[in-house]
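*Asks:* have a look; sequence and predicted model below, questions after that.
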2 protein chains.
Amino acid sequence: MDEPETGLTRFAFTVEFDGRPFMGWQRQNHGPSVQQAIEDAIHTVTGERVAVHAAGRTDAGVHGLAMRAHADIAKSITPFRLMGGINARLRPHPVAILACEVVPDDWHARFSCLGRSYVYRIVNRRAPLTVERGLAWQVAKPLDADAMQAAAQLLVGLHDFTTFRSAHCQSASPVKTLDRLHVAREGERVTVHADARSFLHHQVRSMVGCLTLVGSGRWSADDLRAALEVKDRAALGLNAPPDGLYFVAAHYPG
Amino acid sequence: MDEPETGLTRFAFTVEFDGRPFMGWQRQNHGPSVQQAIEDAIHTVTGERVAVHAAGRTDAGVHGLAMRAHADIAKSITPFRLMGGINARLRPHPVAILACEVVPDDWHARFSCLGRSYVYRIVNRRAPLTVERGLAWQVAKPLDADAMQAAAQLLVGLHDFTTFRSAHCQSASPVKTLDRLHVAREGERVTVHADARSFLHHQVRSMVGCLTLVGSGRWSADDLRAALEVKDRAALGLNAPPDGLYFVAAHYPG
């Protein structure tokens, strides 16, 4: 379980980030990542090269409002000072530590996590986005959010989500339990909430993309059911862009 | 009242824009403006060089969610096609026409306007902003929103707002009636709503800046009252940055 060496303290972080300038959460050779930005900031504060582990790996352009992560640090420092130091060194990256605390050595941001929550934001209007460009998905065709919500319930539960899984997905199995998929409209905004123990790569974006086909009348609910049941990525109707996707919560025991 | 020539049709627009890349609403020689972006887009659509008049002039970095404006156009075109054409030509500027309609020749976005509404967004936390950078004001010191709301009522009504007026204000008089100034907290967000027939230059930002002094305990409500009554810009405690300010509504007869 990747326990720290003697003398190390495990710190847990709650991280907010704007995904636009990053290749994604995970450290990459070919571009900036949220993980690298935080690891570099910790190095500047502590002089230590540490690995930061997160509850989930978000794609390029996907945002985080409360990603959870941890790192093991030798330096004697309070969570408050560590958080302030990291935030000062993260500039100008759009990444911020919202909370920091000491956790037991067996607490792991990824392996202890019992559930993840995402929100997907759609702005349903003809006009392009301005202040929210890159922060939501603009869909011009009118969407029937009630039809989307009804169809979404076909995806809730234990299913083989192969149709909604990226070719690059590294999960051992395409079978997952989707605990909640809720669609609601408020004015021109259509918001999708998704909760599960874990998700496949691109699963939320793929489900949201297909739900918009239902919402615009191009697909019936039966079309969505057929796409799920055929268990074939080729049956995917539409993969929603990363812009509207936010990692909003990771849930742990206790 | 700047009525159109015969053969011109007056179109009213509802405009949303991200103020970050602009010198402000009004056309400037030294940098990009929202007005110029729209006028250039109309020129591309219609071949006409027109003046776009707005309900208010926002400063550099101030945003608009529903600015109202108008222009007189000779080309025979429906509001729907005009809006679509302008939006297509506005790219890549973060400006969008949300609505467009034909209005009577004596309707004027500025002179017919009976009231303006602004919202100011504060994020009250130590951590820097990420997805909302440039879209809100981060205030680290804990703010007592109830104290701010109580003090704000001292500013409501008919007053000489000289203390809260920029040196560059072109208004004939510093005496204005503030109809509403409402402060409310929701989680880490403190939002200020301001309604008036019209505002002085920097008035909302100056009022919000001083209210945060009350909220953080540096000023009492009496200090705010004294600053108002002394009618001296030198008494201004703090001018809030443009980042958190949004023009949200213009009100017209009927």
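*Replies:* Done, it's in.
*Asks:* all strands of chain A, in order?
*Replies:* A:9-17, A:53-54, A:63-73, A:95-102, A:115-124, A:137-139, A:157-160, A:175-186, A:189-196, A:245-251 (DSSP state E).
*Asks:* can I get the ones you listed in a markdown table with mean pLDDT, distance to B:Arg180 and mean neighbour count?
*Replies:* To be clear about C-beta, it is placed using only N, CA and C from the backbone, and glycine gets the same treatment. Below are the strands of chain A laid out as a markdown table (pLDDT from 0 to 100; distance: least, CB to CB, whole Å; neighbours: other CB atoms under 10 Å in any protein chain shown):
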| stretch | mean pLDDT | distance to B:Arg180 | mean neighbour count |
| --- | --- | --- | --- |
| strand A:9-17 | 98 | 32 | 23 |
| strand A:53-54 | 97 | 44 | 20 |
| strand A:63-73 | 98 | 31 | 23 |
| strand A:95-102 | 98 | 32 | 20 |
| strand A:115-124 | 98 | 28 | 21 |
| strand A:137-139 | 98 | 32 | 20 |
| strand A:157-160 | 97 | 49 | 13 |
| strand A:175-186 | 98 | 23 | 16 |
| strand A:189-196 | 98 | 25 | 20 |
| strand A:245-251 | 98 | 32 | 21 |
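*Asks:* can I get these in JSON lines including distance to chain B?
*Replies:* JSON lines is the format used below for the strands of chain A (distance: least, CB to the nearest CB, whole Å):
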{"stretch": "strand A:9-17", "distance to chain B": "5"}
{"stretch": "strand A:53-54", "distance to chain B": "15"}
{"stretch": "strand A:63-73", "distance to chain B": "6"}
{"stretch": "strand A:95-102", "distance to chain B": "4"}
{"stretch": "strand A:115-124", "distance to chain B": "10"}
{"stretch": "strand A:137-139", "distance to chain B": "9"}
{"stretch": "strand A:157-160", "distance to chain B": "31"}
{"stretch": "strand A:175-186", "distance to chain B": "15"}
{"stretch": "strand A:189-196", "distance to chain B": "13"}
{"stretch": "strand A:245-251", "distance to chain B": "8"}
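*Asks:* which bits of chain A sit near chain B?
*Replies:* For chain A, the residues in contact with chain B (CB under 8 Å from any CB of the partner chain) are A:16-18, A:63, A:65, A:83-84, A:87, A:90-91, A:94-98, A:125-131, A:133, A:135.
*Asks:* rerun that using 7 Å as the cut-off
*Replies:* Selection of chain A residues close to chain B by CB under 7 Å from any CB of the partner chain yields A:16-18, A:63, A:87, A:91, A:94-98, A:127-128, A:130-131, A:133, A:135.
*Asks:* picking up where we left off before, closest to B:Phe111 out of the strands of chain A?
*Replies:* Among the strands of chain A, the nearest to B:Phe111 by CB to CB is strand A:115-124 (32.2 Å).
*Asks:* can you name every helix or strand that that closest one contacts?
*Replies:* Applying 3 or more CB pairs under 7 Å, 6 or more residues apart in numbering or on different chains; DSSP states H and E, one finds that strand A:115-124 contacts strand A:137-139, strand A:189-196, helix A:203-215, strand A:245-251.
*Asks:* would you format the strands of chain A as JSON lines with distance to B:Tyr120 included?
*Replies:* As requested, the strands of chain A are exported to JSON lines (distance: least, CB to CB, whole Å):
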{"stretch": "strand A:9-17", "distance to B:Tyr120": "21"}
{"stretch": "strand A:53-54", "distance to B:Tyr120": "34"}
{"stretch": "strand A:63-73", "distance to B:Tyr120": "22"}
{"stretch": "strand A:95-102", "distance to B:Tyr120": "21"}
{"stretch": "strand A:115-124", "distance to B:Tyr120": "22"}
{"stretch": "strand A:137-139", "distance to B:Tyr120": "26"}
{"stretch": "strand A:157-160", "distance to B:Tyr120": "45"}
{"stretch": "strand A:175-186", "distance to B:Tyr120": "22"}
{"stretch": "strand A:189-196", "distance to B:Tyr120": "21"}
{"stretch": "strand A:245-251", "distance to B:Tyr120": "24"}
